[in-house]
Every structure is written in structure tokens, then in C-alpha cells.
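1. the sequence and its predicted three-dimensional model are supplied below.
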Amino acid sequence: MRNKRCRSIGLTVVAAAAMILWLTTCDDDGPTKPVPVKDYPVYFSAPLASPPILFAFHPVAQRIDSAGIPWKPLFGVTVSADGKRLYIPQPTSVVVVDTDSLALIAELPYRPKWPVAVSPDNNLVAITGDDLYILRTSDYSLVYSDTDITENGHFSANSKAFYCAACWSPECAGMAYRLDMSDTPFVASRQAFSDGGVVHVIPSSDEAKWFLYLTSLVSWGSVFEVYDVKADSIIFQDLLYPGFGDMVLAPNEQHVFYTNPGNGLMIPGGIGFELTVFDVVANEIDTVIADTAFFSDSNWVAPPNLLAVTPDSRWLTILGGSLGLYVLYLFDIPNQRLVFREDWGGVPNFHFLVGLSVQYAK
């Protein structure tokens, strides 16, 4: 594992948008021009610190920048598709902040309960919770709302559809919610799945497949599934115990990554330390990363949990933990190996973390 570096910075430089690393190569004709490599910052936060802390992790440099902020991002920070704005959910509103200066741009008067979702074209944001709100980013005017209980929003690759989990109530155990925004009026549809209640739904870029993370209705745990929309059938299934994890689709759509950490109400006992790498093209599991020495120590267990992939599909950033998130990991996707860990000296010495978010555009 490479050496780690962590430093604190002031408010005006917390999120330097990128670090340029110049790589020079040579061939028979002599040296070529330097090739720029972008270091996309991955954002997360410690909302219960005093003051709350915003972090920007740079995977290439393996550096963590941090700054105190006046807002408490209990539901995680989301960065805009172009990396220029941060959406910080508050108990009763969402604060919009400039990434470089952390200057306040707007405060949106909608109550969130989950991280804000941003569209790939950067024109829309979605706020999920007891109600659903979709707003234009040009002036933050409301373009759609729904009274359904919603969570874990994702826009389609062309930004013309919105997906989320919905309908979590005593009468309804979680459905896939799709909002068609290709024409007006917008049309919402809901779909249930027999193997569990939908927690996450992420569409492929052509929307021909849905990647689902379900809470099982028949066993204690979760299920990862691939749904073929045209065939209306499940074409892959992986039962997870203890489950209650996260999943993310790599931007190049070669892999889906998902985790299995449990919900903190059980002791995994060696189960649940897996990071699963699913091959989208082959429609099968590529590999399972189950390094218990890396994902835990003698003091506490910190299985891989929340996930974010950089837009170049090069790095997978992971927050580890079950009941609370305390450890940051980095996974080198092309080489399929864990390369970085930061635990800030252990749980007793640090506040729990929420996140993760990285920009969509390269």
C-alpha cells in the first residue's frame, strides 16, 4: 500500500478542481508531449464534527484536503456533473455552494432525506425524501414534484429519465420509480420485484438494463440483480448476507461494484467484507475482493460500504464501516487491487463520515 498524506486547507482552496500530473514517455522518435492526467476530487464529510468538515480526496495524489464548513451535511455532499458546485443537504433545505470558494450560491427550500442527485448534462437536480422535487439548475425553479417517498436517485445517461427507489411504507415494500422526462407531461411509473424491496436502481446508458439492489423479503439480507427491461426478466442474481450495502456503475459500463457490509445490528464475523466486481458485458461476477486484513483491524470492523467511481473509470473510492462509516479506502480498478487506507487513528478519535460524490463529466 502506498504512503498516505493528509493535510488541512483553508476554505478558499478546499476543492482545487484537479491536479495535473505530467507523464512523459519516449519512443524511437524521441520524447512525446506530456500527457495530462486529471485527479478528480471525491467529496465526503464529517457532519457531526465541530465545525462540520468537508473532505476532498484526490485518488491520483492520494491526498485528502479538508476544511471546516458552516453547514451540517447529514445526508452527504453531492458535486455537480461538471465539478463546479456542491449540493449540501440540511435538515430543512439544500445549500448550493461554489466548489472552489465555498461561497453560498443558493438555498433550496426543500426538505431532503438523501443525497441530492444531479443530471449528467448538469441541467437538473433531484431532491428525494418524503417528497420528490426536480429543479432546473439555471434558476432552481421547480419542474416536477411527487408526494411519493423516494430515495437514492439516479438520472439516465441522457438526462431524460430519472430513477430512484420509492414507495417505502407499511403498505409498500420498495419499488423502482422511473420518471420519463423526454416529453411533457412527464410520466412516472413504478415497478415491484418479487425478490425484495428496491433500495437502489441504476440504469445502463441505453436503459436496456436496470441494476438493482434489493432488501430481501424472504431472508435477512439483500439481493443484487440485473433486470432486462425488454424481456421483463431478471438475468442475474446474487444473494447477499448481511447485505445493506451500496452499488455503483462505472462510467465506461464495464463493471458494477457492490458491497455487503450489514446494517450495524449484527457482527459480520468475517461475512460482509466483500467488494464484488460484476462484469456487465459477461453478465457474471468478475471477482470478489475479500481482504479482511485490509478492511478491518483489531479494534473494529470496517467492511466496504459506500462507493464512488471517478469519471475515467480508473479509481473506486470506498467508505468503510457498518453502523458508522470511519475508514476511507481506494481501489485501483484496472489492476484490481486495494492501494490506500486512511482511518484517522481509529473510531474513538474521529467523527463518522458521510458521502461519497465525484463529478460525472471528464
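-> Arrived safely, thanks for sending.
2. what helix or strand is Val288 on?
-> Under the assignment given by DSSP states H and E, the secondary-structure element containing Val288 is strand 284-289.
3. can I get the CA coordinates of that strand in PDB?
-> The C-alpha coordinates for strand 284-289 follow below in PDB (Å, rounded to 0.1, in the frame of the first residue of the first chain):
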ATOM      1  CA  GLU A 284     -21.300 -12.500 -14.300                       C
ATOM      2  CA  ILE A 285     -19.200 -11.800 -11.300                       C
ATOM      3  CA  ASP A 286     -15.600 -10.900 -12.300                       C
ATOM      4  CA  THR A 287     -14.000 -11.100  -8.900                       C
ATOM      5  CA  VAL A 288     -14.700 -10.700  -5.200                       C
ATOM      6  CA  ILE A 289     -12.300  -8.700  -3.100                       C
END
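4. can you list contacts of the helix or strand just after it?
-> Downstream of strand 284-289, the next assigned helix or strand under DSSP H and E is helix 292-295. For helix 292-295, the surrounding residues in contact (C-beta atoms under 8 Å, 6 or more residues apart in numbering) are Met1, Gly270, Phe273, Val301, Ala302, Pro303, Pro304, Gly320, Tyr329, Leu338, Arg341. All C-beta spots, glycine's among them, are computed from the backbone N, C-alpha and C.
5. picking up where we left off before, so what secondary structure elements neighbour the strand holding Val288?
-> strand 275-279 (3 or more C-beta pairs under 8 Å, 6 or more residues apart in numbering; DSSP states H and E).
6. quick one: Val354 and Ala49 touch, right?
-> No: in terms of C-beta atoms under 8 Å, Val354 does not count as a neighbour of Ala49; the distance is 11.2 Å.
7. neighbour count for these two, which is higher?
-> Neighbours were counted for Val354 and for Ala49 using other C-beta atoms under 10 Å; Val354 has more, 22 against 17.
8. next, count neighbours for the nearest residue to that one once chain neighbours are set aside.
-> Distances taken as C-beta to C-beta, 6 or more residues apart in numbering place Gly76 nearest to Val354, at 4.4 Å, with adjacent residues excluded. Burial measure for Gly76: 23 neighbouring residues, criterion other C-beta under 10 Å.
9. thought Gly76 was touching Pro115?
-> Yes: in this structure Gly76 lies within contact range of Pro115 using C-beta under 8 Å: 4.1 Å.
10. what's the overlap in contacts for these two?
-> Taking C-beta under 8 Å, 6+ apart as the contact definition, Gly76 and Pro115 share the neighbouring residues Pro89, Ser357.
11. which strand or helix spans the nearest residue to Leu239 once chain neighbours are set aside?
-> Ranked by C-beta to C-beta, 6+ apart and with sequence neighbours excluded, the top spatial neighbour of Leu239 is Val223, at 5.7 Å. With elements taken from DSSP H and E, the one containing Val223 is strand 222-228.
12. which one of the contacts of helix 292-295 is nearest Thr99?
-> Nearest to Thr99 among the contacts of helix 292-295, counting by C-beta to C-beta, is Tyr329 at 23.6 Å.
13. partner strands of the helix or strand where the closest one lies and their direction?
-> In the assignment (DSSP H and E), Tyr329 maps to strand 325-332. Neighbouring strands of strand 325-332 in its sheet, by DSSP bridges, are strand 315-321 (antiparallel), strand 337-342 (antiparallel).
14. just name the most buried of these.
-> Ranked by mean neighbour count under mean count of other C-beta atoms under 10 Å, the strands paired with strand 325-332 are led by strand 315-321, which reaches a mean of 26.
15. make a PyMOL selection of the buried ones in the contacts of helix 292-295.
-> Below is the selection syntax for PyMOL that covers the buried ones among the contacts of helix 292-295, with 16 or more other C-beta atoms under 10 Å defining burial:
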select buried, resi 273+301+302+303+304+320+329+338+341
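16. look up how far Ala157 lies from Gln90.
-> The gap separating Gln90 from Ala157 is 29 Å, by C-beta to C-beta, to the nearest Å.
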